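Engineer: Quick check, what structure comes out for this input:
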Amino acid sequence: MELRHLQYFVTVAEEQSFTRAAARLHVVQSGVSATVRALEKELGSALFDRSGKRVALTAAGHALLPEARAALAAVRAGESAVRAGSGGLSGTLDVGATTAVLLIDFPALVGAFHAQWPDVAIRLRLSSTGSAGLAQSLLAGELDVAFLSVVRRLPAGLTARPLASYPLVLLVPDGHRLAGRKQVRLHELAEEPFVDFPLGSGLRDLADTVFTGAGVHRRVTVESADLASTAAFVGHGLGLALVPEFAARDAPGTQLVRPADQVPDWTLSAATSSRRPPTAELRALLDLTDAHRPTPPA
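Structural biologist: Predicted structure coming up:
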């Protein structure tokens, strides 16, 4: 078994197509097909189901994929260590993020990294499945680092360094019965309509944890894709929202009310795999990330 076998296998698995994998690898499709067949013959098991329009992983393929990615990651880590020792960094970093990553001025972070290490490409994926989806992508080896918010215990195999924490506040529309209040008890919010993130996002998980712990049933009537839209929906009277304080500042048509109950803070973290050695490129990005932490709230 050669590294090339694993690289071709992983690329076909990610592209779900031998044709697209060949284009991505800049080789002919017959070469990719022959290499994967050779790997299947060596392992004694089919890795792909080729019966449909898209190739799909078999059970054996699913079992091999994380191990293949780990092997390739270990090789990349060794290569990057050599490059770092000679004063240069190159390659690609796959970065996942929720929309809240803009809290740390992510464009400035990427710009500073590119200015220092122009030969390292950053491929950014803004998650449509929230922090839970990002964590799974990290575990699967699809990402090198993810900027996310995890409320419950981080999945085994991941580590995280907190970057910023903000208290949760209640955002209410002008004219609401709670507008003008400084504080509110959670039990007063029972059956109120809420604007919230989709299931799987860190903020939705946090809000659900808060209200479930208080024994309060609420109605989520609008699911929003980002914090700016959440505030706008609240401003137009479509519901209340429990959001980090930074997202509630100066939102038109809304007022901020603090929970009188004790609730946890919302925290943005940079998560990485504890099962794969970090490359020199990843360590360089994390060092810059620490330097771009937001100023703590007053």
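Engineer: Tell me how many other residues crowd Val151.
Structural biologist: 18 (other Cβ atoms under 10 Å). C-betas here are computed from N, CA, C, even on glycine.
Engineer: Surely it is in contact with Val210?
Structural biologist: No. Distance between Val151 and Val210: 9.2 Å, which falls outside the contact criterion (Cβ atoms under 8 Å).
Engineer: anything in contact with each of these two?
Structural biologist: Counting by Cβ atoms under 8 Å, 6 or more residues apart in numbering, the contacts common to Val151 and Val210 are Pro264.
Engineer: And the helices in the stretch 101-250 of the chain?
Structural biologist: 106-116, 130-139, 202-213, 227-235 (DSSP state H, counting those that start in this stretch).
Engineer: who touches the last one?
Structural biologist: The list of residues contacting helix 227-235 from outside it, by Cβ under 8 Å, 6+ apart, reads 99-100, 171-174, 195-197, 203, 222, 224, 239-241, 243-244, 247-248, 251-254.
Engineer: quick one: low-confidence parts of the stretch 51-200 of the chain?
Structural biologist: 80-88, 100-103, 128-129, 152 (pLDDT under 70).
Engineer: nearest residue to Arg69 other than its sequence neighbours?
Structural biologist: Leaving aside its chain neighbours, Arg69 sits nearest to Gly141 (3.1 Å; criterion: Cβ to Cβ, 6 or more residues apart in numbering).
Engineer: quick one: that neighbour from Gly237, how far?
Structural biologist: 45 Å (Cβ to Cβ, to the nearest Å).
Engineer: Looking only at neighbour counts, state which of these two leads.
Structural biologist: Legend: neighbour count by other Cβ under 10 Å for Gly141 and Gly237, higher for Gly141 (21 against 14).
Engineer: what sits against the more buried one?
Structural biologist: Counting by Cβ under 8 Å, 6+ apart, Gly141 touches Leu65, Pro66, Arg69, Ala70, Ala73, Ser273, Arg276.
Engineer: Out of the residues you listed, name the ones that lie in helices.
Structural biologist: Leu65, Pro66, Arg69, Ala70, Ala73 (DSSP state H).
Engineer: ok, the fourth one - contacts?
Structural biologist: What that stands for is Ala70. Gly141, Arg275, Arg276.
Engineer: Now mean neighbour count and distance to Leu124 too, for the helices of the stretch 101-250 of the chain, in a markdown table please.
Structural biologist: What follows is these, written out as a markdown table (neighbours: other Cβ atoms under 10 Å; distance: least, Cβ to Cβ, whole Å):
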| stretch | mean neighbour count | distance to Leu124 |
| --- | --- | --- |
| helix 106-116 | 14 | 8 |
| helix 130-139 | 22 | 12 |
| helix 202-213 | 19 | 18 |
| helix 227-235 | 21 | 18 |
